[in-house]
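Q: I would like to see how this sequence folds:
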Amino acid sequence: METFLCGPSGGTGGNRFLDDISVDLFIIAIQVWSGSYIDAIQLTFDDNSTTEKHGGSGGSPWVTPAFLPGERVIELSGSYGDYIDSLTIRTTLQTFPALGGGGGSKEFRYHIPDNMHIAGLFGASGSYLDALGVFYRQFPA
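A: Modelled structure (predicted):
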């Protein structure tokens, strides 16, 4: 199944990452650590595996409630400057409140086409989430 990339948006610092996700897995929860910036992010999949925690050790933790069967991540948006300042997560069923701070002079919005879902993340991180992009795939037939 073909994979499409969007991004990344953000600063130029940090260490690059690319989540290598199986085609058969779906995101069922997203954990974000934030304060003035998005400090870190981590994905959980329907086989209960997780990605590495991308980012630093600061910030307050927040996790989406477990997604309902069939619920898929279809949009990540927010603001950035040198780091990802804010992040909003949208699924096929709900939009979660914005996380992070109010800074960042530029905005990003990765809205996935119909019949597709966000399958993983790529970008860069260090003490904070420096840059963020998504890769997405079509829903399996």
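
Q: use CA for all of it now, contacts and neighbours both
A: Will do.

Q: and the gap between the residue nearest the centre of the chain and residue 50?
A: In the chain, the centroid-proximal residue (CA atoms, centre = their mean) is residue 121; its distance is 5.8 Å. Distance, residue 121 to residue 50, by CA to CA, to the nearest Å: 12 Å.

Q: quick revisit: pLDDT wise, what is the residue lying closest to the residue nearest to the centre of the chain once chain neighbours are set aside at?
A: Excluding its sequence neighbours, the residue lying closest to residue 121 (CA to CA, 6 or more residues apart in numbering) is residue 134, at 4.5 Å. What the model reports as pLDDT for residue 134 is 97.

Q: quick one: strands adjacent to the helix or strand hosting residue 134?
A: Taking DSSP states H and E as the criterion, residue 134 maps to strand 129-138. As defined by DSSP bridges, the strand partners of strand 129-138 come to strand 4-10 (antiparallel), strand 116-125 (antiparallel).

Q: so who does residue 86 touch?
A: Residue 86 is in contact with 37, 38, 78, 79, 80, 98, 99, 100, 101, 102, 103, 104, counting by CA atoms under 8 Å, 6 or more residues apart in numbering.

Q: same question, residue 102
A: Going by CA under 8 Å, 6+ apart, residue 102 touches 36, 85, 86.

Q: what's the answer for residue 50, then?
A: So residue 50 contacts 42, 43, 44 (CA under 8 Å, 6+ apart).

Q: of those, closest to residue 3?
A: Residue 3 has its nearest neighbour among those in residue 43, at 17.7 Å by CA to CA.

Q: tally of neighbours for the closest one?
A: Residue 43: 23 surrounding residues under other CA atoms under 10 Å.

Q: what's the answer for residue 132, then?
A: Neighbours around residue 132, by other CA under 10 Å: 27.
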